[in-house]
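> Provided below for reference: sequence and predicted model.
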Amino acid sequence: MPVYESVCLKCGKYHDYIRSVSQCLDTPECCGQKTDKRILSKPMARMDMQPWDAYESPATGRVITSYAERRADMAASGCRDWEGMDSEKHNAARQKQYQEEAEDKQLDGVVRQAWANLSPAKKAQALAEAS
Ligand SMILES: [Zn+2]
């Protein structure tokens, strides 16, 4: 018989249950109510973390033992999930670009300010040197 999965809409806990196909809507109960059937059979991706995968969150110091805790922890700490090398590189490049643009603006501002502070004679001299 296939393994089904349901989720409790009250506490968010996932439940596995084994039913014949005709009985698949007969979900287990949790928190005093029927859980909500999710998917036909349990794919590997749905496997929750194993005990040896548990880790202490570097951001919050909490011990993470399930993907649900992991999601909650990352949301709480503002971390993103690793999205693959391409995405990470893209992100890093974008951050670098933002930073460079910010530095350019800052430098531009400094140059303008310095220029504004020059006396008319110095400005004339600087323009003469530049040409
Ligand atoms: Zn529940």
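Sure, I can see it.
> Mind pulling up the pLDDT for S20?
Per-residue confidence (pLDDT) for S20: 87.
> Over to M44?
Per the predicted model, pLDDT is 50 at M44.
> try the one 4 residues further on
Confidence at D48, expressed as pLDDT, is 70.
> same deal with C31?
Value listed for C31 in the pLDDT field: 96.
> Tell me who's in contact with it.
Residues near C31 by CB atoms under 8 Å, 6 or more residues apart in numbering: C8, K10, C11. Yep, even glycine has a C-beta here, placed from its N, CA and C like the rest.
> What are the phi and psi values at the last one?
Think C11. phi -110, psi -10 (degrees, to the nearest 10).
> was I right about it contacting C30?
Yes - C11 is within contact range of C30, at 6.5 Å (criterion: CB atoms under 8 Å).
> more crowded one of those two?
For C11 and C30, the more surrounded residue by other CB atoms under 10 Å is C30, and the numbers stand at 19 against 9.
> How many neighbouring residues does R112 have?
Quick note: R112 (other CB under 10 Å) scores 10 neighbours.
> Output the set of residues of this structure in proximity to the ion.
Contacts of the chain with the ion, taken as CB under 5 Å from the ion, map to C8, K10, C11, K13, C30, C31.
> Name the next helix or strand downstream of the helix or strand containing R38, please.
Using DSSP states H and E, R38 falls within strand 36-39. Following strand 36-39 in sequence order, the next helix or strand is strand 55-56 (DSSP H and E).
> Can you name every helix or strand that that following strand contacts?
If you count contacts as 3 or more CB pairs under 8 Å, 6 or more residues apart in numbering; DSSP states H and E, strand 55-56 packs onto strand 63-64.
> Show me how far the helix or strand just after the strand it packs on is from its chain's centre.
For strand 63-64, the following helix or strand on the C-terminal side (DSSP H and E) is helix 67-77. Put simply, helix 67-77 sits 9 Å off its chain's centre (CA atoms, centre = their mean, to the nearest Å).
> Convert the C-alpha atoms of helix 67-77 to CSV, please.
Provided in CSV are the C-alpha atoms of helix 67-77 (Å, rounded to 0.1, in the frame of the first residue of the first chain):
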residue,chain,number,x,y,z
TYR,A,67,13.4,21.7,7.7
ALA,A,68,10.5,23.5,9.3
GLU,A,69,12.8,24.7,12.1
ARG,A,70,15.4,25.6,9.5
ARG,A,71,12.9,27.6,7.5
ALA,A,72,11.7,29.4,10.6
ASP,A,73,15.2,30.0,11.7
MET,A,74,16.3,31.4,8.4
ALA,A,75,13.3,33.6,8.2
ALA,A,76,14.0,34.9,11.7
SER,A,77,17.6,35.6,11.0
